[in-house]
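Peer 1: Generate a structure from the sequence data that follows.
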Amino acid sequence: MNLSQYKMLSRIIIIVYAIPFLLSKYDFLDDLYRTTSGDVSFWFQNARPFSVYIYSLIHQGHLSPDVYPLTYILSFLCLYFIFHYLIDKIVTNNDYLLKLSIFILFLCNPFFLQCLSYKYDSFSIAISLILGGFFVFSKPFHNFYIDFLFRSIVLFTMFCIYQATLSFIVGLIAIKILIDSEKKDLKEIIKFVLLLILSLFVVFIIYKFLIANRLLNDFYKEAGKTIPVNKHAIQNIIDNIKGYWFFIHLYLHKTYVIVPLITCFLLIFVQIFNINYKKILIGAICLPLLIISLTSANIVLKQPFFHPREMIGFSIPFIFLLLFIYKEGLISKIIFLLPLGFLLSSTVLSYSLYNYKNLLYKRDQLVINDLLYSMYHFDQKNIQKIAFVNETPNFLQAQSIDLRANPLIGTFFDNVNLQNHWYSDAIINHQYSIYKELTYTDKFPEVEKTFSQCYIRSSLIDRVLYVQVGTFCNS
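Peer 2: Numbers count the residues shown, from 1 in each chain. Below is the predicted model:
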C-alpha cells in the first residue's frame, strides 16, 4: 500500500462511517430540548464553559439553533485531522497498512458513536480530542517551563470543553511510552511522562477551584466526588471497572471482534514465551493507563454514571495491542484482522443506530397522533393530564428486533421511554408544544366506567397512552 492508497481508503472509510450521521436529522436525548430552546448554557452547569463559547462563536450570538448537518461535517473533519496527526506521530515509517489499521481503530470506537449522535456535543467533543492529541504528542519546546505552560493551557482548555476526554489522553500516554521505548532511554521517557503527570495535577487543581467549584450545580458536585482513600478504595475501583465492563462485553462478544482479538492475545503469549523483558516491562508500566483508557477515567469517581459516551479512549488499548505485537512478515498480516473486525462491527452498529433513531421517531409520531386524536375526541379544553401506564412497554416490533440484535444501542439511549418524564416531556411539551401536565400510573384503572369516561386506548399498543379529562377524573 502506498501513500495515495492510504489517503484514499481512509477518506472512503470516514465518509462511509459518517453517512448515517449526515442523514440522521432526528434529535438525540439532550438535543430534544436544545433544538426547541436554542440554549446551550446548560453546559455551564457541567463546568464546560468553552463548549458554550464555541457555539456562541458559530452562531454569533447566545442563541444556538440546530444547524444540522454542519456540526456533523465539522466533527468528522476534526476527527480526520486529529487521527492522521496522531498516526504520523505514532508510525514514523512508511508502513501505510499499519497506519490505515490504526486509523480504523481510532475511528471505529463503538462507544464514541453515542458522542457523535449529539448534534450539539459532537463538534466540541471532537475539538477536545484535538487538544488531547496535542497535549501528548506535540513536539516539546526546548524550554521546560514554556513546554509545561503550553501543555497546561491546552489541557485546561480541554477540561473546559469535555472532561471525559481525559481517558483518551491517558491511553495516548501509554502509546507514547511504547513508541518512545524503541528510540529513547528509560530516563528520558520517565522525565517526559512526569511532565505530563505534573501538568495534569496542576491543571486539575486549577480547573477544580476556578471552574468546577464555581459552575457545577449541587447534583454534579456530588456526582464528581472521587473515591476516598481508605481500605475500600481498591474494591470501589474494581466495582467501577465492572460497571463499564458491562458495555465492553456487549461489544467484544461480536464474532468480528472476538476472533481476531483472541488471535492477538495468542501472539502476545508467543512473545512472552520468547522472554522479551523490555516489552514485558513496558506492558506492565502501561497496563494501569490502558485500563483507565479502556473503561473511563471516571472509574476513580465515588459514584460514576456509567454512560458509554464516557468511554472515549476505548479503542486505544487495541491500538497499543497492535503496536505491541507488530512484526514483519506473517504476524503483521494476522494482526490486521483486528481493525477489520472493528470496521465491520462498528459500521454495522453505526447504521443500526441510525435506523433505530428513525424507528424511535416513528414510534413517537404514532403516540402523538393518538394523543391528538384523544384531545379532539374529548375537547382540548377539558383535558387536564396525559397519563402513561408504567407497566406497559412501548416499542415498535422493529425496535425490539434492533435491541435484541444490538443491545448496545439501548444503552446509548439510556433506556429512555415514554414512561420517563424527562423524555415524554421533551417529546410532547417541547417538540410538539402541547403543554399538558404529564402523569404516570402503575396500572390501568380497574373500574370500567371510569375507563369509558376518562380514558381512551392507544391504537399503537394496548395500555400505553391514556388521556385524563375534565371533572370526570380528578384523582
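
Peer 1: List the contacts of residue 244.
Peer 2: 294, 295, 296, 299, 306, 310, 311 (Cβ atoms under 8 Å, 6 or more residues apart in numbering). (C-beta placed from N, C-alpha, C; glycine too.)

Peer 1: How about the contacts made by the first one?
Peer 2: Put plainly, it is residue 294. Counted by Cβ under 8 Å, 6+ apart, residue 294 has contacts 171, 244, 248, 311, 313, 314, 316, 317.

Peer 1: again, but for the fourth one
Peer 2: Contact partners of residue 299, counting by Cβ under 8 Å, 6+ apart, are 237, 240, 241, 244, 291, 292.

Peer 1: In TSV: those, plus pLDDT, secondary structure and distance to residue 220.
Peer 2: Formatted as TSV, the contacts of residue 299 follow (pLDDT from 0 to 100; DSSP: H, G, I helix; E, B strand; the rest coil; distance: Cβ to Cβ, whole Å):
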residue	pLDDT	secondary structure	distance to residue 220
237	92	helix	21
240	92	helix	18
241	93	helix	22
244	93	helix	20
291	94	helix	25
292	94	helix	21
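
Peer 1: Closest one of those residues to residue 56?
Peer 2: Each of the contacts of residue 299 was checked against residue 56 using Cβ to Cβ; the closest is residue 292, at 32.5 Å.

Peer 1: Buried ones only from the contacts of residue 244, please, as a ChimeraX command.
Peer 2: Selection of buried members from those for ChimeraX, criterion 16 or more other Cβ atoms under 10 Å:
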select :294,295,296,299,306,310,311
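
Peer 1: Skipping adjacent residues, who's closest to the most centrally placed residue in the chain in space?
Peer 2: Most central in the chain under Cα atoms, centre = their mean is residue 309, positioned 2.1 Å from the mean C-alpha point. Nearest non-adjacent residue to residue 309, counting by Cβ to Cβ, 6 or more residues apart in numbering: residue 114, 4.2 Å away.

Peer 1: circling back: identify the residues contacting the residue nearest to the centre of the chain.
Peer 2: So residue 309 contacts 111, 112, 114, 115, 164, 412 (Cβ under 8 Å, 6+ apart).

Peer 1: And for residue 318?
Peer 2: For residue 318, the contact set (Cβ under 8 Å, 6+ apart) comprises 105, 261, 338, 342.

Peer 1: Taking these, tell me the two that lie furthest apart.
Peer 2: Maximum distance among the contacts of residue 318 (Cβ to Cβ): 11.7 Å, for 105 and 261.

Peer 1: Give the residues shared as contacts by these two.
Peer 2: 318, 338.

Peer 1: would you list every one of the strands in this protein?
Peer 2: 383-389, 437-441, 465-469 (DSSP state E).

Peer 1: Low-confidence stretches in the stretch 1-150 of the chain?
Peer 2: Within the stretch 1-150 of the chain, no stretch falls below the threshold (pLDDT under 70).

Peer 1: where along it do the helices fall?
Peer 2: Ranges of helices in the stretch 1-150 of the chain, per DSSP state H, counting those that start in this stretch, are 3-23, 31-37, 42-45, 49-59, 70-90, 96-107, 112-117, 121-137, 144-159.

Peer 1: To residue 268, which of the ones you listed lies closest?
Peer 2: That would be helix 96-107 among the helices of the stretch 1-150 of the chain, by Cβ to Cβ, at 16.6 Å.

Peer 1: If you count contacts, what does the closest one end up packed against?
Peer 2: helix 3-23, helix 70-90, helix 316-324, helix 337-378 (3 or more Cβ pairs under 8 Å, 6 or more residues apart in numbering; DSSP states H and E).

Peer 1: Report the buried residues of it.
Peer 2: 96, 98, 99, 100, 101, 102, 103, 104, 105, 106, 107.

Peer 1: Tell me the one among these nearest to residue 71.
Peer 2: The shortest approach to residue 71 among the buried residues of helix 96-107 belongs to residue 107, at 17.6 Å (Cβ to Cβ).

Peer 1: Distance check, residue 353 against residue 10.
Peer 2: Relative to residue 10, residue 353 is positioned 22 Å away (Cβ to Cβ, to the nearest Å).

Peer 1: The two: who's more crowded?
Peer 2: More crowded of residue 353 and residue 10, by other Cβ atoms under 10 Å: residue 353, with 25 against 20.

Peer 1: tell me the contacts of residue 181?
Peer 2: 189, 278, 282.

Peer 1: Spatially, what comes nearest to the first one if we skip its sequence neighbours?
Peer 2: Spatially, and ignoring its direct neighbours in sequence, residue 189 is nearest to residue 180 (5.0 Å; Cβ to Cβ, 6+ apart).

Peer 1: so who does that neighbour touch?
Peer 2: Residue 180 neighbours (Cβ under 8 Å, 6+ apart): 188, 189, 192.

Peer 1: go on, residue 44?
Peer 2: Counting by Cβ under 8 Å, 6+ apart, residue 44 has contacts 52, 215.

Peer 1: ok, now residue 343?
Peer 2: Residue 343 touches 13, 104, 108, counting by Cβ under 8 Å, 6+ apart.

Peer 1: Flag the shaky bits of the stretch 351-475 of the chain, pLDDT-wise.
Peer 2: Looking at the stretch 351-475 of the chain by pLDDT under 70, you get 389-394, 415, 443-475.

Peer 1: quick one, phi/psi of residue 94?
Peer 2: phi -100, psi 30 (degrees, to the nearest 10).

Peer 1: Could you measure from the closest residue in space to it that isn't next to it in sequence over to residue 123?
Peer 2: Excluding its sequence neighbours, the residue lying closest to residue 94 (Cβ to Cβ, 6+ apart) is residue 3, at 7.5 Å. Computed as Cβ to Cβ, the residue 3 to residue 123 distance reads 29 Å.
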